[in-house]
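Undergrad: Pasting a predicted model and its sequence here:
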Amino acid sequence: PPFPSRRKKEARAAVLSRGGQDYEKQTVKKSAISRDLIYHAIKRNMLFRSCSEEELSELVDVFAPSAFTAGSVVIRQGDDGDLFYI
């Protein structure tokens, strides 16, 4: 497999360096259809390919919906990001 990009390595290091400190899981209730949609969207994503089924399920639990008005800037290319949208 190809080597991870520097940016991906930095992102993973940032997550791992937190070591779960001050993290409290906030489960967001969602329908089975929404859970399935999120699960399959992240399972195919290269950022989550090494996750176990249990880890993927934990991730699905914490995804929360976001709403934006038409014309809103959600993501601007080049900006640092701290959210993941599907």
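TA: Arrived safely. Residues are numbered from 1 along each chain as shown.

Undergrad: Flag the shaky bits of the chain, pLDDT-wise.
TA: 1-21 (pLDDT under 70).

Undergrad: again, only using 50
TA: 1 (pLDDT under 50).

Undergrad: mind listing the helices in this protein by residue range?
TA: Along the chain, the stretches classed as helices by DSSP state H are 6-18, 32-43, 53-62.

Undergrad: Can you tell me how far Thr27 is from Arg76?
TA: Distance, Thr27 to Arg76, by Cβ to Cβ, to the nearest Å: 30 Å. For every residue, glycine as well, the C-beta is placed using N, CA and C.

Undergrad: count of neighbours near Phe68?
TA: Other residues lying near Phe68 total 9 when counted by other Cβ atoms under 10 Å.

Undergrad: Endpoints of stretch 72-86, how far apart?
TA: End-to-end distance for stretch 72-86, by Cα to Cα, to the nearest Å: 16 Å.

Undergrad: so how far is that stretch from its chain's centroid?
TA: 12 Å (Cα atoms, centre = their mean, to the nearest Å).

Undergrad: Could you pull out the buried residues of that stretch?
TA: Within stretch 72-86, no residue is scored as buried using 16 or more other Cβ atoms under 10 Å.

Undergrad: Ok, stretch 32-48 next?
TA: Within stretch 32-48, the residues that count as buried by 16+ other Cβ under 10 Å are 38-39, 42.

Undergrad: Please apply the same query to stretch 52-70.
TA: In stretch 52-70, counting by 16+ other Cβ under 10 Å, buried: 56, 59-60, 63.
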